[in-house]
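> model this:
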Amino acid sequence: RFLFKIKYDYMTPNQVQRAFRHFFGLCPDDSDIRNLSHLTPGDFVVAKRKAEILGISDLAPIVDLLRAEMNVKKDAKKTNKIGF
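Reported below is the predicted structural model:
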């Protein structure tokens, strides 16, 4: 067993704003990101890599990339889990 347990939760709206500045140099309005939830810093890393490969630098397509990462998680929750 683990002696210490750490809970990593999804990013807050403020953290999402800061991640946009850090990873993309963008400052989206709250309205641009209000439907983004269940994101982690790792999702931003993946979206940044995809954006670089695809030559994307505009806000709307980057939001779409992040929404796709979000949707993968929602689909994964629908499957049966195996565990303890």
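
> Please enumerate residues in contact with the helix or strand containing Asn71?
Per DSSP states H and E, Asn71 falls inside helix 59-77. By CB atoms under 8 Å, 6 or more residues apart in numbering, the residues outside helix 59-77 that reach it are 20, 24, 26, 28, 32-33, 35-39, 43-44, 46-47, 50-51, 54, 56. No exception for glycine: its C-beta is placed from N, CA and C like everyone else's.

> For that helix, which residues meet the burial criterion?
For helix 59-77, the neighbour count (16 or more other CB atoms under 10 Å) marks Leu59, Ile62, Val63, Leu65, Leu66, Arg67, Glu69, Met70 as buried.

> same thing with stretch 19-38?
Ala19, Phe20, Phe23, Phe24, Leu26, Pro28, Asp32, Ile33, Leu36.

> so where's the protein uncertain?
74-84 (pLDDT under 70).

> Helices along that one, start to end?
Ranges of helices within the chain are 13-24, 30-33, 41-54, 59-77, based on DSSP state H.

> Between the ones you listed, which one is closest to Phe2.
With distances scored as CB to CB, the stretch of the helices of the chain nearest to Phe2 is helix 41-54 (21.2 Å).

> tell me which strands and helices that closest one is in contact with?
helix 13-24, helix 59-77 (3 or more CB pairs under 8 Å, 6 or more residues apart in numbering; DSSP states H and E).
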